[in-house]
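Undergrad: Would you be able to build a 3D model of this:
(one chain, ligands or ions: 1)
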Amino acid sequence: MDGGKTILRALAGERQAVPPVWLMRQAGRYLPEYRATRAQAGDFLKLCYTPELAAEVTLQPIRRFGFDAAILFADILLLPQALGAELWFETGEGPRLSTLTTARDLARLKGKDDIHATLAPVYETVRILARALPRETTLIGFAGAPWTVATYMIAGRGTKDQGPAHALMRADPALFDALMARLTEATVEYLSMQVQAGAEVVKLFDSWAGSLKGEAFSRYAVAPTRAIIAELKARHPGLPVIAFPREAGQGYVGFHAATGADCVALDTSVSAGWAAEHVQRHGCVQGNLDPRLMVTGGEALAEAARAIVRAFAKGPHIFNLGHGIAPDADPANVEVLLRAVRG
Ligand code: CP3
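TA: Modelled structure (predicted):
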């Protein structure tokens, strides 16, 4: 491991006087250069599947801001597409997929080893980035966690309360469990290929973990994450993993130990003081600035960023937002943020 990279040092458990920093969705619509490249690609999925352009938008925020990490430009819904789901994006509305609600739908999915034909351009993007990034910048690969991906596959779109996925879980638990198992094994293959292509860290996005309560949280957020991490670390010894069980609340406590994650990413619903005491005790944390401050900016942004740095100063910390940066964020506010964090 390169002892010099700040993100890798944090993930190894090192406390740093100035925490490394990157932002979820740092390549995105708030940047004019992203909008230009996206227009050049034609549409979002074309951008994801054109390695030169996907690498270009990954690099744009690194050039502009010098973040400590670059995150592969792709989407969590490329994996279901590679498994055979239809996927498209409705402008202004978000993703749409063919729905999966029956055993026949599940049987039509491709096997875990048949995803790579579709995903080959993503691996090529990773290879380009591994060559092009500055030596101090860490390259993060990612996938959706099985529960979050399943919520989109079952409903065919994003849902407020993940109702269709919860309904299938109750109505046909065997089918639901079989889908989770298929996604778990496919996610391992997908991330393993990203690592072979040059990703140095991987992150699992469980954006809808918060709607899993009690036993369901253990079964569908913790267990698949643990299984994926165990298999990835067996194949790639020393690979650091970041897990983001968004809105997990009390479920954040013990999540490092329960899953083997090296870093747990925090949303804005928990206070940094609470998380320092109850979560950071067990390992590196990432987060958790309110993304709205990237729109409003000013001294409120700088002070909130400094408060998070102070709260997490006693242990390993990667500075980030509690969720993705919004399209209406002001790029100038990223400069304000970086001055506040880096001093
Ligand atoms: O963070 C990054 O810069 C890396 C790229 C990345 C994207 N999506 C690009 C993207 C990552 C890590 C994701 C993850 C993702 N995708 C998640 C998990 C994180 C989260 O936000 O909770 C989810 C749930 C998705 C599914 C998805 N993709 C949705 C719901 C949407 C529409 C919402 C929106 O912001 O428009 C997308 C589209 C998407 N993925 C965009 C980007 C930059 C916007 C597309 C565009 O350019 O029009």
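
Undergrad: Residue 44 contacts residue 38, correct?
TA: Yes - between residue 44 and residue 38 there is a contact under Cβ atoms under 8 Å: 6.7 Å. For glycine as for every other residue, the C-beta is placed from the backbone atoms N, C-alpha and C.

Undergrad: Pick out whichever of those two has more residues nearby.
TA: Of the pair residue 44 and residue 38, residue 38 is the one with more neighbours under other Cβ atoms under 10 Å, namely 19 against 14.

Undergrad: Just give me the neighbour total for residue 30.
TA: Residues near residue 30, counting by other Cβ under 10 Å: 23.

Undergrad: And residue 200, by the same measure?
TA: Residue 200: 23 surrounding residues under other Cβ under 10 Å.

Undergrad: Equivalent analysis for residue 102, please.
TA: Under the neighbour criterion other Cβ under 10 Å, residue 102 is assigned a count of 12.

Undergrad: Contact partners for it?
TA: Residue 102 sits next to residue 175 when contact means Cβ atoms under 8 Å, 6 or more residues apart in numbering.

Undergrad: I'd like the numbering to begin with 59 instead of 1 from here.
TA: All set: I'll call the first residue 59, so the last point we hit is now residue 160.

Undergrad: Next one: it from the ligand, what distance?
TA: According to Cβ to the nearest ligand atom, to the nearest Å, residue 160 stands 24 Å off from the ligand.

Undergrad: Go ahead and measure how far the strand or helix carrying residue 234 is from the middle of the chain.
TA: Per DSSP states H and E: residue 234 is located in helix 231-255. Centroid displacement of helix 231-255 relative to its chain, using Cα atoms, centre = their mean, to the nearest Å, is 15 Å.

Undergrad: what's the answer for stretch 291-299, then?
TA: The answer for stretch 291-299 is 17 Å, by Cα atoms, centre = their mean.

Undergrad: contacting residues for the closest residue to the ligand within the chain?
TA: Using Cβ to the nearest ligand atom, the single residue of the chain nearest to the ligand is residue 265, 3.2 Å away. Shown in contact with residue 265 (Cβ under 8 Å, 6+ apart): 202, 206, 302, 304.

Undergrad: if I read this right, the last one contacts residue 325, doesn't it?
TA: Yes - applying Cβ under 8 Å, one finds residue 304 in contact with residue 325, separated by 4.8 Å.

Undergrad: Mutual contacts of those two, please.
TA: Common neighbours of residue 304 and residue 325 (Cβ under 8 Å, 6+ apart) are 268, 381.

Undergrad: From the contact counts, what lies against the very next helix or strand once past the helix holding residue 234?
TA: Note on helix 231-255: by DSSP H and E, the next helix or strand toward the C-terminus is strand 259-264. On a contact count with 3 or more Cβ pairs under 8 Å, 6 or more residues apart in numbering; DSSP states H and E, strand 259-264 meets helix 64-69, strand 196-202, helix 204-213, helix 231-255, helix 281-293, strand 299-303.

Undergrad: Would you mind putting those into TSV with distance to residue 356, mean neighbour count and mean pLDDT alongside?
TA: TSV is the format used below for the helices and strands packed on strand 259-264 (distance: least, Cβ to Cβ, whole Å; neighbours: other Cβ atoms under 10 Å; pLDDT from 0 to 100):
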stretch	distance to residue 356	mean neighbour count	mean pLDDT
helix 64-69	27	24	98
strand 196-202	29	24	99
helix 204-213	33	26	98
helix 231-255	38	19	98
helix 281-293	37	19	98
strand 299-303	28	27	99
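
Undergrad: Export these as a markdown table, with columns for distance to the ligand.
TA: A markdown table is the format used below for those (distance: least, Cβ to the nearest ligand atom, whole Å):
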| stretch | distance to the ligand |
| --- | --- |
| helix 64-69 | 14 |
| strand 196-202 | 5 |
| helix 204-213 | 6 |
| helix 231-255 | 12 |
| helix 281-293 | 14 |
| strand 299-303 | 7 |
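
Undergrad: Next, format those as a markdown table and append distance to residue 85.
TA: What follows is those, written out as a markdown table (distance: least, Cβ to Cβ, whole Å):
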| stretch | distance to residue 85 |
| --- | --- |
| helix 64-69 | 17 |
| strand 196-202 | 12 |
| helix 204-213 | 20 |
| helix 231-255 | 16 |
| helix 281-293 | 24 |
| strand 299-303 | 17 |
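
Undergrad: Indicate which one of the ones you listed is closest to residue 151.
TA: The minimum distance between residue 151 and the helices and strands packed on strand 259-264 falls on helix 204-213, with 13.4 Å, by Cβ to Cβ.

Undergrad: buried sites along stretch 313-326?
TA: 313-314, 316-326 (16 or more other Cβ atoms under 10 Å).

Undergrad: any idea of the mean pLDDT in it?
TA: The average pLDDT for stretch 313-326 rounds to 98.

Undergrad: what about that stretch, how long is it end to end?
TA: 17 Å (Cα to Cα, to the nearest Å).

Undergrad: Does it reach the ligand?
TA: No - judged by Cβ under 6 Å from any ligand atom, stretch 313-326 and the ligand are separated, with a smallest distance of 9.4 Å.

Undergrad: Same check on stretch 98-105?
TA: Yes - under the criterion of Cβ under 6 Å from any ligand atom, stretch 98-105 makes contact with the ligand via residue 102.

Undergrad: got the contact list for the residue nearest the centre of the chain?
TA: Per Cα atoms, centre = their mean, the C-alpha nearest to the average position across the chain is that of residue 263, at 4.0 Å. By Cβ under 8 Å, 6+ apart, the residues touching residue 263 are 134, 200-203, 206, 302, 304.
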